[in-house]
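Novice: Below: sequence and its predicted model.
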Amino acid sequence: MANCGEPETRRDLRVFEDKYELTTDLAEYISQLSESSVNDRGCFTVALSGRSLIRLLDISERTYCGCRKLSEAPYKKTVDWTKWYVFWADERAVAKNHVDSNYKLTKDVFLSKVSILSNHIFSINDNATVEDAAREYEFTIRQLVKVRTIGVSESNDCPKFDLILLGLGPDGHVASLFPHHPALELREEWVTYITDSPEPPPERITFALPVINSASNVAIVAIGEENAMAVQLSILTDDGKFDACSLPARLIRPDNGKLVWFLDALAASALNDNNGEPDKL
Ligand SMILES: O=C(O)[C@H](O)[C@@H](O)[C@H](O)[C@H](O)COP(=O)(O)O
């Protein structure tokens, strides 16, 4: 069995009535981290995952009084977007204009609405093979660590992103790190690639675990009942009988950073089963 030990972690559990309240708090959380990173380091390095997490940044299908989005007031003016550096914690190996592209989704619903400098947005090379794209992406990140645009971990030479935003799959996958996948065991690579994703498309690049766990802040955002079991199994404490490789989200334990779970009530609905009342906002 792979070495999937589980060190203690600083974790904050935020549960919201619905995805609108979650979106509002997520926007404030990101805005505050941006401000503190820019004050401390002069820039803010953030890595995104795909799908519903990105859509939450620009939730619009229902006007909801009080729902604040990062791409709108007050943040549109208060966030120092020119200091942002944007990366992807995982990306599908498809063309940038392909419907499955996390870059395309992020550009359409978020990047096109805020003034982040285009040369501060680091997407993968969609003309390369998935293997070369992963290698090139790691090389780009290594260059930015050298000049300290991206910080470096105190405990290893890994990049220390200011924030890594992750979604959660019903099988407990985060980024493109899937249950029992050899990619979970990588310790030297910062960025790796897979060609057998159980979810389409099969070819993806993804940050390796040590990079995610070297971040200053990691947020896992999960909504909907379909994620309730994965949330419960990721958060509940147990006596180590649990093979954590079967649920990659359990392996998200920032070494010197902070983990925050953003959950709507449906995604948190199974937490009561084991641990009693979760923290409720
Ligand atoms: O590119 C991807 O597929 C994502 O980065 C992946 O890790 C996603 O975050 C989860 O699959 C959750 O996706 P949903 O939130 O849409 O269920």
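Specialist: Cool, got the structure.

Novice: What is the three-state secondary structure of T192?
Specialist: strand (DSSP: H, G, I helix; E, B strand; the rest coil).

Novice: Within its local environment, how many residues does it see?
Specialist: Residues lying near T192 (other CB atoms under 10 Å) number 27. Using the backbone N, CA and C atoms, a C-beta is placed for each residue, glycine as well.

Novice: residues touching it, list them.
Specialist: Taking CB atoms under 8 Å, 6 or more residues apart in numbering, we find T192 in contact with A134, A183, L186, I205, T206, A208.

Novice: ok, now which ones touch the closest residue to the ligand within the chain?
Specialist: Using CB to the nearest ligand atom, the single residue of the chain nearest to the ligand is G167, 2.4 Å away. Contacts for G167 (CB under 8 Å, 6+ apart) come out as S49, G50, R51, S52, L53, V174, I220, V221, A222.

Novice: pretty sure the fourth one is touching I223, no?
Specialist: Yes. In this structure, S52 sits in contact with I223. The criterion is CB atoms under 8 Å, and the distance is 6.2 Å.

Novice: any idea how far N213 is from P254?
Specialist: Using CB to CB, to the nearest Å, N213 is found at 5 Å from P254.

Novice: Neighbour count: those two, which is higher?
Specialist: Neighbour count, other CB under 10 Å: between N213 and P254, N213 has more, with 24 against 21.

Novice: Run through this structure and note the low-pLDDT ranges.
Specialist: Flagging of the chain using pLDDT under 70 yields the residue ranges 1-10, 59-67, 237-242, 273-281.

Novice: and it, which residues reach the ligand?
Specialist: Proximity of the chain to the ligand, by CB under 6 Å from any ligand atom, involves residues 49-53, 90, 92, 102, 167-169, 173-176.

Novice: Now with 8 Å, please.
Specialist: Within the chain, the positions lying close to the ligand (CB under 8 Å from any ligand atom) are 49-53, 55, 89-92, 102, 166-170, 173-176, 197, 199, 204, 221-224, 226-227.

Novice: is F262 in a bridge, and if so with what?
Specialist: When assigned by DSSP bridges, F262 has beta-bridge partners R14, V221.

Novice: residues in contact with it?
Specialist: R14, F16, L22, D25, L26, Y29, A219, I220, V221, A222.

Novice: what's the most distant pair in those?
Specialist: Y29 and A222 (14.9 Å; CB to CB).

Novice: Neighbour count for those two, which is higher?
Specialist: Ranked by neighbour count (other CB under 10 Å), Y29 and A222 place A222 first, with 27 against 19.

Novice: For I212, see how far away the more buried one is.
Specialist: 16 Å.

Novice: With K107 instead?
Specialist: 23 Å.

Novice: Who has more neighbours out of the two?
Specialist: Neighbours were counted for K107 and for I212 using other CB under 10 Å; I212 has more, 26 against 17.

Novice: Look up the closest residue to the more buried one, ignoring the ones flanking it.
Specialist: I164 (5.7 Å; CB to CB, 6 or more residues apart in numbering).

Novice: hang on, isn't that neighbour packed against S214?
Specialist: No. The criterion here is CB under 8 Å, and I164 misses it with S214 at 9.3 Å.

Novice: Among the residues of the chain next to the ligand, which ones are in strands?
Specialist: D90, E91, R92, L166, R204, V221, A222 (DSSP state E).

Novice: Which of the contacts of G167 are buried? Put it as a ChimeraX command.
Specialist: Selection of buried members from the contacts of G167 for ChimeraX, criterion 16 or more other CB atoms under 10 Å:
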select :49,50,52,53,174,220,221,222
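
Novice: and the nearest residue to V46 once chain neighbours are set aside, how many neighbours?
Specialist: The shortest distance from V46 to any non-neighbouring residue, by CB to CB, 6+ apart, is to L163 (4.6 Å). By other CB under 10 Å, 22 other residues sit near L163.

Novice: and what of L266?
Specialist: Counted with other CB under 10 Å, L266 comes out at 17.
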